[in-house]
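Novice: have a look at this prediction, sequence included:
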Amino acid sequence: MTKLKRERLWVPEDPSWWQRGIVYQIYPRSFCDASGDGIGDLAGIREKADYLEWLGIDAVWLSPIYPSPDVDLGYDISDYRDIHPAFGTLEDFDALLAALHERGIKLILDLVPNHTSDQHPWFLESRDPDSARHDWYVWREGRPDAPPPNNWVSYFGEPAWRYLDPPGKWYLHSFDRGQPDLNWDNPEVREAIHDAMRFWLDRGVDGFRVDVLWLLGKDPELRDNPPDPDWHEALPSRLKLQRVHSEDGPDAHDRARSLRAVIDEYPDRVMIAEVVLPPARAVAYHGADLDEAHMPHNFALTELREWTAEAVRAEVEAYEAVLPEGAWPNWLLGDHDFPRIASRVGPERVRLLHMLLLTLRGTPTWYYGDELGLPNAIIPASKVTITDPQAALGTALDRLPVRSPMQWSPGPNVGFSEAEPWLPLASDDPAMTVQVQGEDPDSVLNLFHSMVQLRKETPALAVGAYRTLPAPDGVFSFERHHPDGTVHVHLNFGDEPREVEVPEGAEVLLSTARHGSTREVGRLELRSHEGAIVGRHEHRDG
């Protein structure tokens, strides 16, 4: 590894595909419907494989595709080794995997190891106290007319325990009551999950994104969580307690290492992890010896409330400062649980945020439809065919508006399906479709495509080191350096133009607001909400 000025900011000598590449998340129910029932499916994704190749992404991450009663939109799994009938069959999966691999695109599956559906055969069997699988879930003695075993609260806002008879006991559910938590203290549970992983790895998948990894470490004594002294009435009631005993315990790291060990049985695979904790705690899931997740997801930008250059710079520098030595960073602006970036920052800043995500050091993860600038959908209750438990419980985060159908072409159902889509569309504007934006050289989609191509051609952007640069108020400027060349990135988050310094002989390689390569001498005036990548063409590899 080539060391640069600042410790930990290094250039990998032989970067893996997951370090060089871009991950693109697809919510399968909403990408493309080939069967004509209004629900996206695996065959529909395969139909769009050429689009994914043109887009330039390197890996597709699929949200859960397993059989499920859909209590929690697919994250309540009733069989880890099959395909949800709405999405197709194992043969459809194999065909999709082959189509992606033929185009050089990897496939990453969602793994949900913390809980199953209450319709999973394991749980149904566990309701018999004499069953060999009774201890596969977290059951505790009690009475229905007495308090539950402790004060833990689920992430959906209700008590995290439900009484069932049989067996006449309480079971733990960190999410919906239809999602009982597995007992990871039981080695048979761990091995069952490992075997499920091998089933898909043997089939050829390129890795997993592990759901709620940090929840695998619960207090074995199930002690009460203490009250949060910072809670106030304006916050959801589910935040009244500090989750010090219900998650992120030391055992979570042992269990993360066990999952990684399975991944490492197969060459060139990746383990990504959902760890929704402050960055200083989340990065611990790289592992002390980098033997846990290759990339614990970095949610710093998804939770940012103030979109100023200063706030973004502070988040980037704070994250870089806490990364373990040799750990590889990653960034995302949103996923299936967060409002779409266009709705959070406004359409005028979408192009700027595209450039931010694709130029920071580390692996970017992109959410389907954001390359069009899709906003959140407005979904009347009468149009909802599957209930989001968070919305049903009246919590602040209703996730359905970010899972609306991908918009392919003008006309009925925007090319998503021959039938009425399962959710309303995010926009009825024909310009919010792949077809129209693909034909418009000034579109958000074509800008995204150009950024991806420049990133692929420029080692400094793909895997180069990072250094913050001096900048005027309202501008976030940084350098990406690689032995093959250096580029500067200037992002004006303000409403007014700003001037930045440009190295002698450098050119604007790509801008969010101007066309073509522009040669500048000494200084560059950035327009409002403009981002620019500045460098020399001779440093581009390709």
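Specialist: Received, thanks. Numbering: from 1, shown residues only.

Novice: the nearest residue to P64 once chain neighbours are set aside is in what secondary structure piece?
Specialist: Nearest non-adjacent residue to P64, counting by C-beta to C-beta, 6 or more residues apart in numbering: G74, 4.0 Å away. Glycine gets a C-beta too; all of them are placed from N, C-alpha and C. Counting by DSSP states H and E, no helix or strand carries G74.

Novice: cool, and A300?
Specialist: Using DSSP H and E, A300 sits within no helix or strand.

Novice: got a pLDDT number for the residue nearest to it when sequence neighbours are not counted?
Specialist: Spatial nearest neighbour of A300, chain neighbours left out: E315 (4.6 Å); criterion: C-beta to C-beta, 6+ apart. Looking at E315, its pLDDT reads 97.

Novice: hmm, N298 and E315 touching each other?
Specialist: No. At 9.3 Å, E315 does not count as touching N298 under the criterion of C-beta atoms under 8 Å.

Novice: the more surrounded of the two?
Specialist: Between E315 and N298, counting by other C-beta atoms under 10 Å, N298 is the more crowded of the two (22 against 18).

Novice: quick check, central residue of the chain?
Specialist: In the chain, the C-alpha nearest the mean C-alpha coordinate belongs to D335, at 4.7 Å (C-alpha atoms, centre = their mean).

Novice: can you give me the buried ones in stretch 265-275?
Specialist: Neighbour-count burial for stretch 265-275 flags R269, V270, M271, I272, A273, E274, V275 (criterion: 16 or more other C-beta atoms under 10 Å).

Novice: among these, name the ones in strands.
Specialist: V270, M271, I272, A273 (DSSP state E).

Novice: now those in TSV, with distance to I22 and pLDDT?
Specialist: Listed next are these as TSV, based on distance: C-beta to C-beta, whole Å; pLDDT from 0 to 100:
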residue	distance to I22	pLDDT
V270	13	98
M271	18	98
I272	13	98
A273	18	98
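
Novice: in this protein, which helix has the most residues?
Specialist: helix 187-203 (DSSP state H).

Novice: need the next SSE after that one, C-terminal direction.
Specialist: Scanning onward from helix 187-203 (DSSP H and E), the first element met is strand 207-210.

Novice: if we can go back for a sec, any buried residues in the longest helix of the chain, and which?
Specialist: Neighbour-count burial for helix 187-203 [16+ other C-beta under 10 Å]: V189, R190, A192, I193, H194, A196, M197, W200, L201.

Novice: could you list the low-pLDDT ranges of the stretch 301-450 of the chain?
Specialist: Scanning the stretch 301-450 of the chain for pLDDT under 70 picks out the ranges 383-397.

Novice: which residues of it fall in helices?
Specialist: 309-322, 341-345, 350-359, 389-392, 434-438, 444-457 (DSSP state H, counting those that start in this stretch).

Novice: now tell me what touches whichever helix or strand comes after the last one from outside.
Specialist: Just to be clear, that refers to helix 444-457. Using DSSP H and E, the helix or strand that directly follows helix 444-457 along the chain is helix 459-463. Residues from elsewhere that reach helix 459-463, judged by C-beta atoms under 8 Å, 6 or more residues apart in numbering: 11-12, 15, 19-20, 358-359, 454-456, 480-487, 533, 535, 539, 541.

Novice: among those, which ones are in helices?
Specialist: Using DSSP H to define helices, the subset of the contacts of helix 459-463 located there is Q19, R20, L358, T359, L454, R455, K456.

Novice: spatially, which two of those residues are the most separated?
Specialist: Farthest pair in the ones in helices among the contacts of helix 459-463 (C-beta to C-beta) is Q19 and L454. Separation: 17.6 Å.

Novice: report back the residue of the protein that's furthest from centre.
Specialist: Largest separation from the mean C-alpha position in the chain: D145, at 40.8 Å (C-alpha atoms, centre = their mean).

Novice: let me know the closest of the ones in strands among the buried residues of stretch 265-275 to P229.
Specialist: A273 (29.2 Å).

Novice: residue ranges with poor pLDDT in the stretch 51-200 of the chain?
Specialist: Using pLDDT under 70, the stretch 51-200 of the chain has no residue that qualifies.

Novice: in it, which spans are helices?
Specialist: Going by DSSP H, counting those that start in this stretch, the stretch 51-200 of the chain shows helices at 90-102, 121-126, 187-203.

Novice: for R305, see how far away the residue nearest to A300 is.
Specialist: Relative to R305, E315 is positioned 11 Å away (C-beta to C-beta, to the nearest Å).

Novice: repeat for A95
Specialist: 43 Å.

Novice: the two: who's more crowded?
Specialist: A95 (15 against 6).

Novice: pretty sure that one contacts R46?
Specialist: Yes. Under the criterion of C-beta under 8 Å, A95 makes contact with R46 at 6.0 Å.

Novice: ok, back up a step: more crowded one of Q19 and L454?
Specialist: In terms of neighbours (other C-beta under 10 Å), L454 is the more surrounded of Q19 and L454; the figures are 22 against 18.

Novice: ok, that one - contacts?
Specialist: By C-beta under 8 Å, 6+ apart, the contact set of L454 is L461, L509, L510, I533, R540.

Novice: which residues does the third one bridge with?
Specialist: It stands for L510. I533 (DSSP bridges).

Novice: so it makes contact with H449?
Specialist: No. With contact defined as C-beta under 8 Å, L510 does not reach H449; the gap is 11.1 Å.
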